[in-house]
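Undergrad: My questions are about this predicted structure, shown below with the sequence.
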Amino acid sequence: MTETGIGPEDVVARFFAAWDGLDPARLASFFAEDGTYHSMPLPPVVGRDRIHAYFTDFLARFTAADFTVHHQASSATEGGGVVFNERTDEMRLRSGALVRVRVAGVFEIRDGLITAWRDYFDLGATRGEG
């Protein structure tokens, strides 16, 4: 999905923008074949195919998703880099309720693909409104 030669922050921005469609295949395409998604309260999901399956199950509960980045920093390495951000994730449940959670995220990028995405948050602080 992504192209090489773009900066790590651009990869993350494009990934967040892709959540508009809630398309698990499109979202998984941002990951390297051996990529990892780790929502820290849960076990890690390893491999693009497993990430796709995880997103398919996860997104079935939602009608919309939005990520608001409050602070972001990155470091570049040859062929990639690391992006750290603090953000608020908002997900609209099929019931209409809005779930908001403050998150600190870490993305490792190589050759225009996400090799690791780790999110740190307090699952107990998740707020549903609706």
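TA: Everything's here; your move. Residues are numbered from 1 along each chain as shown.

Undergrad: tell me which element the residue nearest to residue 70 when sequence neighbours are not counted falls in.
TA: Once flanking residues are discounted, residue 70 sits nearest to residue 86: 5.0 Å by CB to CB, 6 or more residues apart in numbering. The way it works is simple: take the backbone N, C-alpha and C, and place the C-beta from them, glycine included. Assigned by DSSP states H and E, residue 86 belongs to strand 80-93.

Undergrad: Equivalent analysis for residue 26, please.
TA: Going by DSSP H and E, residue 26 is in helix 24-28.

Undergrad: Does anything pack onto that helix? Which helices or strands?
TA: Applying 3 or more CB pairs under 8 Å, 6 or more residues apart in numbering; DSSP states H and E, one finds that helix 24-28 contacts helix 8-18, helix 48-59.

Undergrad: Show residues contacting it.
TA: 1, 15, 18-19, 48-49, 51-53, 55-56, 59 (CB atoms under 8 Å, 6 or more residues apart in numbering).

Undergrad: Now that helix - C-alpha only, CSV.
TA: Extracted in CSV, the C-alpha atoms of helix 24-28 (Å, rounded to 0.1, in the frame of the first residue of the first chain):
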residue,chain,number,x,y,z
PRO,A,24,-9.3,-4.3,7.2
ALA,A,25,-7.5,-5.3,4.0
ARG,A,26,-6.4,-1.7,3.3
LEU,A,27,-5.3,-1.2,6.9
ALA,A,28,-3.3,-4.5,7.0
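
Undergrad: Alright, calling it a day.
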